[in-house]
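[1] Here is my input, please return the structure:
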Amino acid sequence: MESKNKNNQETIGKKYYEDLVNGEHLHCRSIAMTKEAIIGFAEQFDPQPFHTDEHTADQSFFGGLIASSLHILSACTQAVVEAQGDVAILSGVGLDEVKMYNPVRPGDILTIEAWWTDLKRSRSKPDRGFAAIQCKVINQKGEPVIEYGYRYMIACRT
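    Now for the predicted structure:
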């Protein structure tokens, strides 16, 4: 039987702040970017013509259809969150600088390198700590695509 904390959350099997290790890598799955997913995301959230229309995209600066950076971040966020496992995250508190290097095109396979960093326990509230995850994403050619980081508030064991 799993125990519950005062907020009625399951506590057995969770990773808490104390379980995290600076530099520990997360094992993220790869992401395949399809033309349908690129267009679908863009039509709903970022309807720039170089994301939504192949003919217009062919004539653009990019010379073809590319994924929205918001799509890339969203897809990578899902893979990173899955790789975290059951971490006792209380809240996200920030997204670090996003640097984009190369466009993502239909058929690209993205590989995410992600690791825990910048672990700091709160001095004023000892029931929580802060941690960051840094991410570097490359395509199947080994070219850099995007770099960014997340910042989280994480529960400590009480």
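
[2] Point out the other helices and strands that the helix or strand hosting K120 packs with.
    Element membership for K120, per DSSP states H and E: strand 109-121. For strand 109-121, the elements it packs on are strand 25-26, strand 31-32, helix 69-84, strand 128-138, strand 144-155, judged by 3 or more C-beta pairs under 8 Å, 6 or more residues apart in numbering; DSSP states H and E. Backbone N, C-alpha and C define where each C-beta goes, glycine included.

[3] For P49, find the nearest of the ones you listed.
    helix 69-84 (15.0 Å; C-beta to C-beta).

[4] Put the alpha carbons of the closest one into PDB.
    Extracted in PDB, the C-alpha atoms of helix 69-84 (Å, rounded to 0.1, in the frame of the first residue of the first chain):
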ATOM      1  CA  SER A  69      10.000  26.400 -32.500                       C
ATOM      2  CA  LEU A  70       7.000  26.200 -30.200                       C
ATOM      3  CA  HIS A  71       6.300  22.700 -31.600                       C
ATOM      4  CA  ILE A  72       9.800  21.600 -31.100                       C
ATOM      5  CA  LEU A  73       9.800  22.800 -27.500                       C
ATOM      6  CA  SER A  74       6.400  21.200 -26.800                       C
ATOM      7  CA  ALA A  75       7.500  17.800 -28.300                       C
ATOM      8  CA  CYS A  76      10.800  17.900 -26.400                       C
ATOM      9  CA  THR A  77       9.000  18.900 -23.200                       C
ATOM     10  CA  GLN A  78       6.800  15.800 -23.400                       C
ATOM     11  CA  ALA A  79       9.900  13.500 -23.900                       C
ATOM     12  CA  VAL A  80      11.800  15.200 -21.000                       C
ATOM     13  CA  VAL A  81       8.800  15.000 -18.600                       C
ATOM     14  CA  GLU A  82       8.400  11.300 -19.500                       C
ATOM     15  CA  ALA A  83      12.100  10.700 -18.800                       C
ATOM     16  CA  GLN A  84      12.000  12.500 -15.400                       C
END
